[in-house]
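*Asks:* Quick one, what's the 3D model for this:
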Amino acid sequence: MKKTTPFKAPSDFEKELTDFSNRYRVLLAEHSKRISDYFEMTCYNLVIRYYEKKGYELEVQNLQAGKFKFKCSPTGLLKNFSYFKATKKGDHGIDEVVYIFHNATAQSAFDKKVFTTPDIVVADTNISAETTDYYITKKTLSYIPKENLVTFCEAKHLTPFPELMVNFIGTVHELKPDCVDDSEEHPVSEHLAPSLMMSGTFGRSTRRIQKSFENRYYVNFFDNLFEDISVRLFLSKYGLDQIATLGKKCDKAPLLKDS
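*Replies:* Presented below is the predicted three-dimensional model:
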């Protein structure tokens, strides 16, 4: 068997983005050629497809010059980039609507002047707040207010290592503290729990960290996302039923093997 590596040719990513374009009938604007950006876009597509599998209707929003424009940098105003609207029909005519952004800045759950920018953000509003009190230059920062943040994912073109995984839990604590606090009952939810999505493969030590964190917290750690089998498992009913959501911890016993 060919050894799994966290590296992939740009042409492979370009094919995946072409598939994304065809699936949602959109043209893509020109984007960076960095492999890390391609990996983020691929993970964004996976999150979109997760919501499709959960029964949401997806609609492209805010095309720029008729093209889907990814936000490949923490800077820039959200209103200048494209995103998806996800709608699920609810009881009594009340639909649930969320918006899926790429590189949207999110406000801390504890301090209104602290911000960070996850690679993928799900919010219950598509109207970003703005402030000129963040940059010393008084440039405008657009962000998702803490009360509107639903969940988020980090996409890292890296092999899993302990510091990366521990730092991710710090981000979860800052943005979604209820996901690392099990003192209260969590309501039923199909929204993906905060997730760290990585291109490389777990080793023995990082597998232990993954299992410990996923047992304690409402989080997901996904590795080996370059492999088609991992992606198919992520999007299969078998895989989806085991993924952590905001309402339940993950149950991946048969899905992920010990190393």
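*Asks:* okay, CA-based contacts and neighbour counts for the rest of this
*Replies:* Noted.
*Asks:* What is the neighbour count of Gln64?
*Replies:* Neighbour count for Gln64, taken as other C-alpha atoms under 10 Å: 16.
*Asks:* Tell me if I'm right that it and Leu78 touch.
*Replies:* No - assessed by C-alpha atoms under 8 Å, Gln64 is found out of contact with Leu78, at 11.8 Å.
*Asks:* Sketch out the low-pLDDT regions of this protein for me.
*Replies:* 1-33, 252-259 (pLDDT under 70).
*Asks:* Torsion angles phi and psi at the residue most central in space within it?
*Replies:* Residue closest to the average C-alpha location in the chain (C-alpha atoms, centre = their mean): Cys153, at 2.9 Å. Dihedral angles phi and psi of Cys153 (degrees, to the nearest 10) take the values phi -140, psi 150.
*Asks:* Contacts only, for it.
*Replies:* Cys153 sits next to 118-121, 194-197 when contact means C-alpha atoms under 8 Å, 6 or more residues apart in numbering.
*Asks:* Out of these, the closest to Asp228 would be?
*Replies:* Closest to Asp228 out of the contacts of Cys153 is Met197 (14.4 Å), distances taken as C-alpha to C-alpha.
*Asks:* picking up where we left off before, the contacts of Cys153 into a markdown table, with extra columns for secondary structure and neighbour count?
*Replies:* Listed next are the contacts of Cys153 as a markdown table, based on DSSP: H, G, I helix; E, B strand; the rest coil; neighbours: other C-alpha atoms under 10 Å:
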| residue | secondary structure | neighbour count |
| --- | --- | --- |
| Pro118 | coil | 20 |
| Asp119 | coil | 25 |
| Ile120 | strand | 23 |
| Val121 | strand | 24 |
| Pro194 | coil | 29 |
| Ser195 | strand | 23 |
| Leu196 | strand | 21 |
| Met197 | strand | 22 |
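*Asks:* ok, so what distance separates the closest residue in space to Pro177 that isn't next to it in sequence from Leu246?
*Replies:* Among residues not flanking Pro177 along the chain, Ala109 sits closest, at 7.4 Å (C-alpha to C-alpha, 6 or more residues apart in numbering). Ala109 is 16 Å from Leu246, where distance means C-alpha to C-alpha, to the nearest Å.
*Asks:* Specify which residue of those two has the higher count of neighbours.
*Replies:* Counted by other C-alpha under 10 Å, Ala109 and Leu246 do not tie: Leu246 has more neighbours, with 23 against 19.
*Asks:* Surely the more buried one and Tyr218 touch.
*Replies:* Yes - applying C-alpha under 8 Å, one finds Leu246 in contact with Tyr218, separated by 6.4 Å.
*Asks:* shared neighbours of those two, which are they?
*Replies:* 179, 193.
*Asks:* Show me what stretch 89-104 is in contact with.
*Replies:* Contacting residues not belonging to stretch 89-104 are listed as 44, 48, 56, 70-74, 78, 82-88, 117-126, 143-144 [C-alpha under 8 Å, 6+ apart].
*Asks:* now it, how far from the chain's geometric center?
*Replies:* Stretch 89-104 sits 16 Å away from the centroid of its parent chain (C-alpha atoms, centre = their mean, to the nearest Å).
*Asks:* for it, which positions count as buried?
*Replies:* Residues of stretch 89-104 classed as buried by neighbour count (16 or more other C-alpha atoms under 10 Å): 97-104.
*Asks:* between those residues, which is closest to Asp182?
*Replies:* Val98 (24.7 Å).
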